[in-house]
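*Asks:* Provided below for reference: sequence and predicted model.
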Amino acid sequence: MATVVVKNGNVDGALKTLKQRNAKDGSSKKVRERQEGYLKPGAKRRKEKAEAIKNSHKRNRNNRNNY
């Protein structure tokens with residue numbers, strides 16, 4: 001778990017930084033997966049494939065907008 005120091009009583013800024021760090025290292029995703037429980041290998045594979053396709057589309061959309 002990431003730790004953040006609150007400077008000058010700016011709790012909102014520290015909370016934003018904490019959320020960004022957690023998103024980067026994937027700790028919130030890991031917790032969510034543990035809460036869901038056991039997934040069969042095939043179901044896990046299908047879920048990962050769907051997520052990879054979604055991320056690919058997202059990356060393509062971002063690259064298309066940069067030109």
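*Replies:* Structure received. Numbering: from 1, shown residues only.

*Asks:* Just read off the phi/psi values of Pro41.
*Replies:* Main-chain dihedrals, Pro41, degrees, to the nearest 10: phi -60, psi -40.

*Asks:* same check, this time on Lys40
*Replies:* With angles defined as degrees, to the nearest 10, Lys40 sits at phi -60, psi 150.

*Asks:* mind listing the helices in this structure by residue range?
*Replies:* For the chain, applying DSSP state H gives helices covering 11-25, 27-36, 41-65.

*Asks:* Next, format those helices as TSV and append mean neighbour count, mean pLDDT and distance to Val4.
*Replies:* C-betas here are computed from N, CA, C, even on glycine. Converted to TSV, the helices of the chain look like this (neighbours: other Cβ atoms under 10 Å; pLDDT from 0 to 100; distance: least, Cβ to Cβ, whole Å):
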stretch	mean neighbour count	mean pLDDT	distance to Val4
helix 11-25	13	91	5
helix 27-36	10	85	13
helix 41-65	10	91	27
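
*Asks:* Please report how far the residue in the chain sticking out farthest from the centre lies from Ala14.
*Replies:* Distance from the C-alpha centroid of the chain, by Cα atoms, centre = their mean, peaks at Asn8 (28.3 Å). With distances taken as Cβ to Cβ, to the nearest Å, Asn8 is found 10 Å from Ala14.

*Asks:* Can you add distance to Thr3 and give the helices of the chain back as a markdown table?
*Replies:* Compiled in a markdown table, the helices of the chain are given as follows (distance: least, Cβ to Cβ, whole Å):
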| stretch | distance to Thr3 |
| --- | --- |
| helix 11-25 | 8 |
| helix 27-36 | 12 |
| helix 41-65 | 28 |
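
*Asks:* any idea which residue sits dead centre in this protein?
*Replies:* Note: the chain centre (Cα atoms, centre = their mean) maps to Ala23, 4.3 Å.
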